[in-house]
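Q: Give the three-dimensional model of this entry:
(3 chains)
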Amino acid sequence: MMNVDALSDHLSKYVVDILKKRGIERLYPPQEEAVRKGLFSNKNLVVAIPTASGKTLIAELAMIYEVIRGGKCLYTVPLRALAGEKFEEFSKWEEIGVKIGISTGDYESRDEWLGECDIVVTTSEKADSLLRNEASWLRNLSLLVVDEIHLIDSAKRGATLEVLIAKLKKLNPNLRIIALSATIPNADEIAEWLNAELIKSEWRPTPLYEYVFYPGRLLKFENGFLREVKAESSIERLIVRTLEEGGQVLVFESTRRNAESYAVKISGYTKEFVEDNSDVAEKVLEENEGEMSRKLSECVKLGSAFHHAGLLNSQRVAIEKAFREGRIKVLVATPTLAAGVNLPARRVILKSYRRYDSGAYAPIMVSEYKQMAGRAGRPGLDEYGEAIIVTKTRDEALKVAERYLAGEPEKVISKLGSETHLRFHTLSLISEGIASSFEDLLDFYSTTFFAYQNEFTLEWEIRRIVLQLEKWGMIVEYAPTSFGKLVSKLYIDPLSGFIFKEELSKFDELSDLAMLHLICRTPDMELLSIRKADGWIENELENLREELTYYPSIYSAEYDFFLREFKTALCLYDWINERDEDIICEKYGIAPGDLRRIVETAEWLMHSLRRIAEHLSHNLASKALKLEMRLKYGVKEELLDLVKLKNVGRKRARKLYNAGIRNLEDLIQNRKIAEKLIGSRIVEKILS
DNA sequence: AGTTGTCACCTTTAGACAGCATGTC
DNA sequence: CTAAAGGTGACAACT
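A: From the prediction side, this is the model:
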């Protein structure tokens, strides 16, 4: 293997020293191949290699090489948490004067500073949003690194990724692109699309052994032949054996409920192996003490945990940290962890290779399995990793082995062709001035991965979308209207913008609930689902019907959808009327993490509604602003003055208000009372 | 009368980006 | 490709 010293030909000695300080002495074979294929040149690269086989370092070296030559780099990732992780990792280069920045929806370096940074880490949506909001520094890029480029295949978010790449290429004609991907069969297509050298390899620093389990036996492929070896009679015994050997286990379940109950079950086995996790268990209850949090906390004490999108962020972080430290022995997760932050374990167990998906219970994709299996084996800690799929019978095991162990992951297919995505991006292209004619649009789309993969052009669809956007008053003759520009910058679906505008044009006044419902009628809102026991919602609907501006007949096709909108609006209504979080969660059948996410989305949409109302000089603008603030803090209007103060949230504000303290002045004058209510140290903090 | 056990039937089902301006209990 | 876990309620067998 190539020694890192060889890199000093291309990079300074200091860079090599920093690598050595990080314990990197030699390059992995794929990294070496990248060097051979032009890492230190201007060539584009597509690196399609397994997780944890050194992709990030390849990108890092290329970025440092670029920065030394005076260039500027953008590194895009699919998740906020990943952006944070990379930002931390790259910050080590500040030692040699490289400036690192981060920009995501929830965390951002100061704007003027981003322009000065050598490397900026963003989510792909945020990068697109920055383009829409005219961040000029994005026109001075020399290197773009796209992490997890195989997500172009994602039906929801893949289109943005390829449009972003095409946009940045157009704005920076000499832009070098390095794309990092999981191992996919058509990496060559992506490479050809990007005019890039392809580095493709199955090499891993820690070998991965894949098995299919049925009671008593494990199946595996060896030299192309299926072999059966003796095994434990149950998965629980297998897990216990791993723990006895000093390893940790990551279990993937198909539903939250299963993940939670298996974590509880397995905690009966992990408790023998755990030392003292009481601090982690406490941390889990710090922000929320609801049913789920208590269950999680109990598991943690006994050395297990579950992990899904219903957890609060702080809880996720605490669990991930404790697992990394080896204090949580078995982690039971839904697919959150498959593509999320890096959390390897010696053994990965797939309790179910099938998952319910819009009406059917179907096997997961091979690529999804590979993603999860890839989490097995901690580099430097485990000699090897093992991934085990659980089945019930030998017959089933044989089929599963054929499909997942011998099978190839699915090809990456562009999803840009759908109307929603084309509408969303066409408006942005016109708004940003990237396209100002029909030909421009076609030209642009001809540079996308969709165009590379498909013979036909999107001519017909684009014509229709242009007409649509014109009808909605967002563009006129391929030029954006101020309304269109606003919608594009707000990063909402044009349809959402249109729904807002329409409703505002029809009504001078709207109730709080109607405003919340309006937001829920938008395609950008995530809706709660209706369950059998949700009959109370229709009763509530009877009571509140007067407040709404839209309610379809009970017999109409959209009634079910309407009920979901209404339920979601009610949930938000409870939130801004200071209903306790745990009570809301129970009433609507959601977890604390869900509530936060829904509120966050609602806040963004209420903000958008407000901006559009302002744009139209509509008198509901001030009401929307109030609701935006109320959503942000989860309070009634009377608390808004208090909640603006630092260190005062919905609960403290309510206590103060009920004691007659209604703003900062009252607080200063009645300091004693306040100290009694919320503690003197907190009052001190607020006043300072 | 209250508790426990059994069985059939019913219900439910993963994830998470974006604006804006800075910090909850 | 078309399940399965967990909850619920009815009912019987216990203490």
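
Q: contacts and neighbour counts: CA atoms only from here.
A: Noted.

Q: confidence score at the closest residue to DNA strand C within chain A?
A: Per CA to the nearest atom of the strand, A:Ala362 is where chain A lies closest to DNA strand C, at 3.3 Å. Per-residue pLDDT puts A:Ala362 at 90.

Q: same question, the one 3 residues further on
A: Reported pLDDT at A:Met365 in the predicted model: 94.

Q: secondary structure element for A:Val120?
A: strand A:119-123 (DSSP states H and E).

Q: and the residue of chain A closest to DNA strand C, backbone torsions?
A: Main-chain torsions, A:Ala362, degrees, to the nearest 10: phi -120, psi 160.

Q: ok, how many other residues are close to it?
A: For A:Ala362, the count of nearby residues is 12 (other CA atoms under 10 Å).

Q: Could you pull out the buried residues of stretch A:679-688?
A: If you call a residue buried by 16 or more other CA atoms under 10 Å, then stretch A:679-688 has these buried ones: A:Ile682, A:Val683.

Q: Can you list the low-confidence ranges for the stretch 1-150 of chain A?
A: A:1 (pLDDT under 70).

Q: Do a quick rundown of the helices in it.
A: A:13-21, A:29-36, A:55-68, A:80-90, A:111-116, A:124-132 (DSSP state H, counting those that start in this stretch).

Q: now swap in the stretch 501-650 of chain A and tell me
A: So, for the stretch 501-650 of chain A - with DSSP H, counting those that start in this stretch - the helices run A:512-520, A:535-544, A:559-576, A:581-588, A:592-615, A:621-633, A:640-643, A:650-658.

Q: how about these in CSV, adding mean pLDDT and mean neighbour count?
A: CSV is the format used below for these (pLDDT from 0 to 100; neighbours: other CA atoms under 10 Å):
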stretch, mean pLDDT, mean neighbour count
helix A:512-520, 97, 23
helix A:535-544, 92, 12
helix A:559-576, 95, 22
helix A:581-588, 93, 16
helix A:592-615, 97, 21
helix A:621-633, 96, 21
helix A:640-643, 92, 20
helix A:650-658, 90, 18
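
Q: between those helices, which gets nearest to A:Ser358?
A: Closest approach to A:Ser358 among these is made by helix A:559-576 (14.9 Å; CA to CA).

Q: is the closest one up against DNA strand B anywhere?
A: No. Counting by CA under 7 Å from any atom of the strand, DNA strand B is not contacted by helix A:559-576; separation bottoms out at 12.0 Å.

Q: What residues of stretch A:91-101 count as buried?
A: A:Lys92, A:Trp93, A:Val98, A:Lys99, A:Ile100, A:Gly101.

Q: Could you work out the end-to-end span of that stretch for me?
A: Terminal residues of stretch A:91-101 lie 9 Å apart, using CA to CA, to the nearest Å.

Q: is any part of it close to DNA strand B?
A: No. Stretch A:91-101 stays clear of DNA strand B (CA under 7 Å from any atom of the strand), getting no nearer than 12.3 Å.

Q: Pull the residues that contact that stretch.
A: A:14-15, A:67, A:87, A:90, A:109, A:113-114, A:116-121 (CA atoms under 8 Å, 6 or more residues apart in numbering).

Q: picking up where we left off before, for the helices of the stretch 1-150 of chain A, give me TSV that also has mean neighbour count and distance to A:Gly105.
A: What follows is the helices of the stretch 1-150 of chain A, written out as TSV (neighbours: other CA atoms under 10 Å; distance: least, CA to CA, whole Å):
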stretch	mean neighbour count	distance to A:Gly105
helix A:13-21	15	31
helix A:29-36	19	32
helix A:55-68	21	23
helix A:80-90	18	8
helix A:111-116	14	13
helix A:124-132	22	7
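
Q: Specify the stretch among these that is closest to A:Trp536.
A: For the helices of the stretch 1-150 of chain A, the distance to A:Trp536 is smallest for helix A:80-90, at 36.7 Å, taking CA to CA.

Q: Which residues of chain A lie near DNA strand C?
A: Residues of chain A found near DNA strand C (CA under 7 Å from any atom of the strand) are A:Arg257, A:Asn258, A:Ser261, A:Tyr262, A:Tyr356, A:Gly359, A:Ala360, A:Tyr361, A:Ala362, A:Pro363.

Q: quick one: average confidence on stretch A:286-300?
A: 93.

Q: Give me the buried positions along that stretch.
A: A:Asn288, A:Glu289, A:Gly290, A:Met292, A:Ser293, A:Arg294, A:Lys295, A:Leu296, A:Ser297, A:Glu298, A:Cys299, A:Val300.

Q: Report the distance from that stretch to the chain centre.
A: Averaging C-alpha positions (CA atoms, centre = their mean, to the nearest Å) puts stretch A:286-300 23 Å from its chain's average.

Q: just stretch A:284-296 next, same as before
A: Taking the mean of its C-alpha atoms, stretch A:284-296 sits 23 Å from the chain's own mean (CA atoms, centre = their mean).
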